[in-house]
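>>> Make a model of this:
(2 chains)
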There are 2 protein chains.
Amino acid sequence: MTQANQIVLAKRPTGDVTADCFREETVTLPALTDGQLLVRGRFLSLDPYMRPRMTEMRSYTPPFALGQPLTGGSVGEVVESRNPRFARGDTVMGMLNWASHTVHDGKGLRKIEATGVPLSAHLGVLGMPSFTAWYGMTQICKPKAGETVFVSAATGAVGQVAGQLARLAGAKVVGCAGDQDKCVWAVREAGYDACFNHRTEKDYGAVLDKLCPQGIDADFENVGGKLFHAVFGRMNNFGRIAFCGAISEYQDTTPLAGPPKMFAIVQKRLTIQGFIVSDHVALMPDFVREVGDLVKSGKLKSRETVVDGLSKAPQAFMGLLKGENFGKLVVKLG
Amino acid sequence: MTQANQIVLAKRPTGDVTADCFREETVTLPALTDGQLLVRGRFLSLDPYMRPRMTEMRSYTPPFALGQPLTGGSVGEVVESRNPRFARGDTVMGMLNWASHTVHDGKGLRKIEATGVPLSAHLGVLGMPSFTAWYGMTQICKPKAGETVFVSAATGAVGQVAGQLARLAGAKVVGCAGDQDKCVWAVREAGYDACFNHRTEKDYGAVLDKLCPQGIDADFENVGGKLFHAVFGRMNNFGRIAFCGAISEYQDTTPLAGPPKMFAIVQKRLTIQGFIVSDHVALMPDFVREVGDLVKSGKLKSRETVVDGLSKAPQAFMGLLKGENFGKLVVKLG
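Here you go, the predicted model:
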């Protein structure tokens, strides 16, 4: 009988997520039945989209269940298998519990072959956040050479890839991030043309006017809120907005209004498109080919924050929602 | 020398358009030069998009010039021509002045052949408003059988066609209009499943919940404002919003905020697309073929309000912005 450490949703948050929303517990896992496998977690991905899943929502991925382990994109190792597709020792990725061990039915799990990249990269620059960036940038933003692209949360797991893909397409890329070190990294390493600190800039409109004097042709939106309002007001004719997330709004208890002058959508012929990348897995092979090549050739930089130990996951996640991570946030397990 | 009656923009409106924004005057037109033609106006189209053109705006069709005649989609008759493409007696359509006579260089004018439909139909059900409806419905809303489509300003020049196209695609169609007679016409003649009176309904959310119990899959947006907010909050996953106009906002002096919970765009994977039909003239032949057939076969109903005489154009236009017309509003000239 395997003992597992796991973190369950103890209560649903109202406003900011607090430590008492989580409970770490040790459970005895049941014996496997046919088709199941036991996976030991190696790396757990923490992502902003998990915050909306902590509340009950009408539509979207189903909410996390109260009293049950939270789940997240993970890399793990098969320690026991009664599923013919997997063998002991396989490295796999997919949705696992926030846990040392997960009993899994194999659905949605896939094997990872050794490719020389660190395992955690499969949760970042070769994984779902990067696929998200690729989808939004290539299928919605579609930047052309010479256009101006704005990326909020410019150094986050998604933003850092989105910005670099826009640059590689020949666009001018402007971003914002939550501290000066991130902004420096964005420009020096990721090749942003400019990046401003959204915590110290008081007037988003003024800084955007300065950094994007030709207006904004495409916006990869991760943040929402007042920052989005300022970007929206500076979109050019035929502008595209890939709406990926709105982290600034996830913990708001009073819903913020949308930007004023919505008629600008008509005047400027804007397209605003929301997306969730799991709807587009059919395009995964295109992503793997294009972005895999960029990573191997060193053309795409990435940055991650690794937190050590499952017990630190709740604190790290609360920090993520306040922008305390730098790049992709992963938890190293066991 | 030809004397022309014309209406010029006397001042730019702030808030509601008022009578003193217009001035009727008689001018002596100059003799034609090579390439020019003189057109006598027969019908002038009045459309909501003219209101934004009365103010100075950063982007869009250029604003009307102060002291110059307003212009609008028109049908006219060539009375003199020094342009080889046109001959005296030709019936033409295109942008003409709000005037009895217009000197024109022929650009954007096209000849109309007698087809048995009333001349004014070329400004409505066979013209730009109908093309607008066709573009937004077939290229953006893309309704499927069994889906629910909402059309605001359901009996307006654009809305009446949009709603019927959605119905012909097999969708359930719900609309709203500004009085009971319009709502009755929408259901009895245009085949809407339901139409509510937005002036007497106090709670847009409640009436939408009642009339669209399955939510809204596509919205053809003509009105904006609080009505749009209520529709936005009831969009289904993968919903499409064709943003055509926002007549409720055109005379607002304090810009209304957008709808709250913009993150719904992500959660529900919404697409919001603004458009101006003049960007899409390449699709005009498709529109003419498809909608022309529907009109000839009697499958597409239309309704118009005809105002008699150029002098009444300002008052009729002010009424249009308050929803006083019923269907396409045209001015019969001369």
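>>> Quick check: the closest residue to chain B within chain A vs A:Gly225, distance?
Nearest residue of chain A to chain B, counting by CB to the nearest CB: A:Gly258, 2.2 Å away. In this view, the C-beta of every residue, glycine as well, is placed from N, C-alpha and C. Separation of A:Gly258 from A:Gly225 (CB to CB, to the nearest Å): 10 Å.
>>> show me the contacts for the residue nearest in space to the middle of chain A.
Nearest to the geometric centre of chain A sits A:Pro129, at 4.4 Å (CA atoms, centre = their mean). Contact analysis of A:Pro129 by CB atoms under 8 Å, 6 or more residues apart in numbering or on different chains lists A:Ser45, A:Asp47, A:Leu123, A:Gly156, A:Ala157, A:Val158, A:Val161, A:Lys328.
>>> In strands, which of these appear?
Residues of those located in strands (DSSP state E): A:Ser45, A:Lys328.
>>> Now tabulate the contacts of A:Pro129 in TSV and tack on distance to A:Val173, neighbour count and pLDDT.
Converted to TSV, those look like this (distance: CB to CB, whole Å; neighbours: other CB atoms under 10 Å in any protein chain shown; pLDDT from 0 to 100):
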residue	distance to A:Val173	neighbour count	pLDDT
A:Ser45	25	24	97
A:Asp47	22	22	95
A:Leu123	24	29	95
A:Gly156	14	32	96
A:Ala157	17	32	96
A:Val158	14	30	97
A:Val161	12	30	98
A:Lys328	19	27	96
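>>> quick one: stretch A:215-222 to chain centroid distance?
Taking CA atoms, centre = their mean, to the nearest Å, one finds the center of stretch A:215-222 at 17 Å from the center of the full chain.
>>> Just the buried positions in stretch A:45-63, please.
For stretch A:45-63, the neighbour count (16 or more other CB atoms under 10 Å in any protein chain shown) marks A:Ser45, A:Leu46, A:Asp47, A:Pro48, A:Tyr49, A:Met50, A:Arg51, A:Pro52, A:Arg53, A:Met54, A:Tyr60 as buried.
>>> Now the terminal residues of it, how far apart.
End-to-end distance for stretch A:45-63: 17 Å, by CA to CA, to the nearest Å.
>>> Contacts for it next, please.
Here stretch A:45-63 makes contact (CB under 8 Å, 6+ apart) with A:9, A:12-13, A:17, A:21, A:64, A:70, A:72-74, A:123-124, A:127-129, A:156-157, A:222, A:245, A:247, A:250-251, A:276, A:278, A:313, A:316-317, A:320-321, A:325, A:328-331, B:236-237, B:263, B:267-268.
>>> Once you drop chain neighbours, what's closest to A:Thr102?
A:Leu96 (4.3 Å; CB to CB, 6 or more residues apart in numbering or on different chains).
>>> still on that earlier bit, now, of the contacts of stretch A:45-63, which are buried?
Applying 16+ other CB under 10 Å to the contacts of stretch A:45-63 flags A:9, A:13, A:17, A:21, A:64, A:70, A:72-74, A:123-124, A:127-129, A:156-157, A:222, A:245, A:247, A:250, A:276, A:313, A:316-317, A:320-321, A:325, A:328-331, B:236, B:263, B:267-268 as buried.
>>> which ones among the residues you listed are found in strands?
Of the buried ones among the contacts of stretch A:45-63, the ones assigned to strands by DSSP E are A:Leu9, A:Gly72, A:Gly73, A:Ser74, A:Lys328, A:Leu329, A:Val330, A:Val331, B:Asn236.
>>> Could you pull up the contacting residues of the fifth one?
Neighbouring residues of A:Lys328 by CB under 8 Å, 6+ apart: A:45, A:120, A:123-125, A:129, A:156-157, A:160, A:302-305.
>>> Repeat that for A:Gly136.
A:Val158, A:Ala162, A:Phe220, A:Ala242, A:Cys244, A:Phe275.
>>> Assign the residue nearest to it when sequence neighbours are not counted to helix, strand or coil.
In this structure, A:Gly136 finds its nearest non-sequential neighbour in A:Ala242, 3.6 Å apart by CB to CB, 6+ apart. Look at A:Ala242: counting by DSSP: H, G, I helix; E, B strand; the rest coil, its state is strand.
>>> wait, doesn't A:Ala242 sit right on A:Asn222?
No - the pair A:Ala242 / A:Asn222 is not scored as a contact, 9.5 Å apart, by CB atoms under 8 Å.
>>> Give me every residue in the stretch 151-300 of chain A lying close to chain B.
Contacts of the stretch 151-300 of chain A with chain B, taken as CB under 8 Å from any CB of the partner chain, map to A:224, A:228, A:236-237, A:243-246, A:249-250, A:255-276, A:279.
>>> From those, keep the buried residues only.
By 16+ other CB under 10 Å, those give A:224, A:228, A:236-237, A:243-246, A:249-250, A:256, A:258-276 as buried.
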